[in-house]
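**Student:** Task: produce atomic coordinates for the following.
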Amino acid sequence: MGMKAIIAAIVYNFRNLTRFSGRNTRTQFWPYAIFLFVVQTIISTLIMIPFIISVMTKTFLFTLQHPGKPGVPINPADQNAFSQMMQGIMADTQSMLMTATPILTALFVVLIGAAVARRLHDRDMSGYWGLMPLPFTIIGLVAMPKTLEAWPYHPNFGLFILLMLNSLLHLALAILLIVLLAQRSAAGANRFGPEVTDWRYSP
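**Tutor:** You can find the predicted model right below:
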């Protein structure tokens, strides 16, 4: 698949962000889906870099300001200072997750939704199959900040285990959806329209 076809697929999907009808082939769908995934990963990394630098800086400064000695127990004042620093880091983490993650997730869903529906239509499947991982995504977004609120000093292990199970279900359904999206087009016309041939000239 040449670069022109890849660019054409990306442009085509951006032009059809709100069109949930019709069918799309794998060559129409996957360049666009991969493009969105790469862009989301880059944005997430750029958001994380300042946060990671801040955490490393705070830890380094704490080490300089509270030097320990080998074999000497940490005094209560230093323990309290370290506890306060960790609570601040967890609060910053929670704030970042509650702000950036839902926005990026919602944006990705909006941008990919119609393309997923059309690709599933091409398999002669309802576009609603594309919603399979979404409830577990929402549960994870809601539960993660609540888990971080108490961590690490008052951990809620029950909530943590439920969050892990939710993540596993989300991953399993996401893999299943990817498999469905990766399968070949259903031959001939189906209930969602005719078989796509020269898609670059389709609306």
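
**Student:** So which bits of the host helix or strand of residue 175 are buried?
**Tutor:** Per DSSP states H and E, residue 175 falls inside helix 157-182. By 16 or more other C-beta atoms under 10 Å, the buried positions in helix 157-182 come out as 159, 163, 166-167, 169-170, 173, 177, 180-181. No exception for glycine: its C-beta is placed from N, CA and C like everyone else's.

**Student:** Confidence-wise, which of these comes last?
**Tutor:** Within the buried residues of helix 157-182, the minimum per-residue pLDDT falls on residue 159 (75).

**Student:** So which residues make contact with stretch 107-120?
**Tutor:** Here stretch 107-120 makes contact (C-beta atoms under 8 Å, 6 or more residues apart in numbering) with 13, 16-26, 28-29, 32-33, 36, 40, 126-127, 129-130, 134, 137, 177, 180-181.

**Student:** could the buried residues of helix 157-182 go into CSV alongside distance to residue 76?
**Tutor:** Putting these into CSV (distance: C-beta to C-beta, whole Å) gives the following:
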residue, distance to residue 76
159, 30
163, 33
166, 39
167, 37
169, 44
170, 42
173, 48
177, 52
180, 58
181, 57
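
**Student:** Which residues are in contact with residue 88?
**Tutor:** residue 58.

**Student:** at 10 Å instead, please
**Tutor:** Taking C-beta atoms under 10 Å, 6 or more residues apart in numbering, we find residue 88 in contact with 55, 58.

**Student:** gap between it and residue 28?
**Tutor:** 47 Å (C-beta to C-beta, to the nearest Å).

**Student:** got it, and residue 196?
**Tutor:** Counting by C-beta to C-beta - residue 196 and residue 28 are separated by 7 Å.

**Student:** quick one on the thing from earlier: how far does the helix holding residue 175 sit from its chain's centre?
**Tutor:** The chain centroid and the centroid of helix 157-182 are separated by 12 Å under C-alpha atoms, centre = their mean, to the nearest Å.

**Student:** Going by contacts, tell me the helices and strands next to it.
**Tutor:** When contacts are defined as 3 or more C-beta pairs under 10 Å, 6 or more residues apart in numbering; DSSP states H and E, helix 157-182 packs onto helix 26-65, helix 76-122, helix 134-150.

**Student:** Report how many residues lie close to residue 124.
**Tutor:** Residues near residue 124, counting by other C-beta atoms under 10 Å, number 15.

**Student:** That one and residue 186 touch, don't they?
**Tutor:** Yes. Counting by C-beta atoms under 10 Å, residue 124 touches residue 186, with 4.2 Å between them.
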